[in-house]
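1. A predicted structure for the sequence below; I have some questions about it.
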Amino acid sequence: MRNEENENIVLNKAKQFALRTIRLYQFLTAEKNEYVMSKQILRSGTSIGANICEAECGQTKADFYAKMNIALKEAAETGYWLELLYESNYIDKSSFESIYADCNELMKLLKAITKTQKSISN
């Protein structure tokens, strides 16, 4: 396990979000018998943090930027799956608003990081 004190904020938030995504997947498959969208959101929601971890070990600034940008795209995809799950009545409004807010927070952080990295590179 990683030392929590040494983790950066975005990675810690991404890990917590991944755990929420896993619990959502478990709920959707066990309680709602939903297997297609739940698998998609599981993949994209857990991929955010994995890409941030890869970015931390990037060999170059360009590698770091590319992985953080992939994490941002995975967060955007996760938001899309959350919207579909809500609009198709698989999750209720309060559950949607809570997890969607976390997803949006991650997207804002990742946008800020990628924007900063892009301006440094140019």
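-> Happy to help now that I have it.
2. for the helix or strand bottoming out on mean pLDDT in the chain, which residues meet the burial criterion?
-> Scoring the helices and strands of the chain by mean pLDDT, DSSP states H and E places helix 93-121 at the bottom, with a mean of 91. Residues 95-96, 99-100, 102-103, 106-107, 109-110, 113-114, 117 are the ones in helix 93-121 that count as buried (16 or more other C-beta atoms under 10 Å). Every residue, glycine included, has its C-beta placed from N, CA and C.
3. helices and strands around it, which ones?
-> Using 3 or more C-beta pairs under 8 Å, 6 or more residues apart in numbering; DSSP states H and E, the elements in contact with helix 93-121 are helix 9-31, helix 36-56, helix 61-87.
4. list the buried residues in the shortest one.
-> Going by neighbour count (16+ other C-beta under 10 Å), the buried part of helix 36-56 is 37-38, 40-42, 44-55.
5. over to the longest one?
-> Neighbour counts over helix 61-87 (16+ other C-beta under 10 Å) mark 64-79, 81-82, 85-86 as buried.
6. before we move on, back to that, can you lay out the helices and strands packed on helix 93-121 as a markdown table showing mean pLDDT?
-> Below are the helices and strands packed on helix 93-121 laid out as a markdown table (pLDDT from 0 to 100):
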| stretch | mean pLDDT |
| --- | --- |
| helix 9-31 | 97 |
| helix 36-56 | 97 |
| helix 61-87 | 97 |
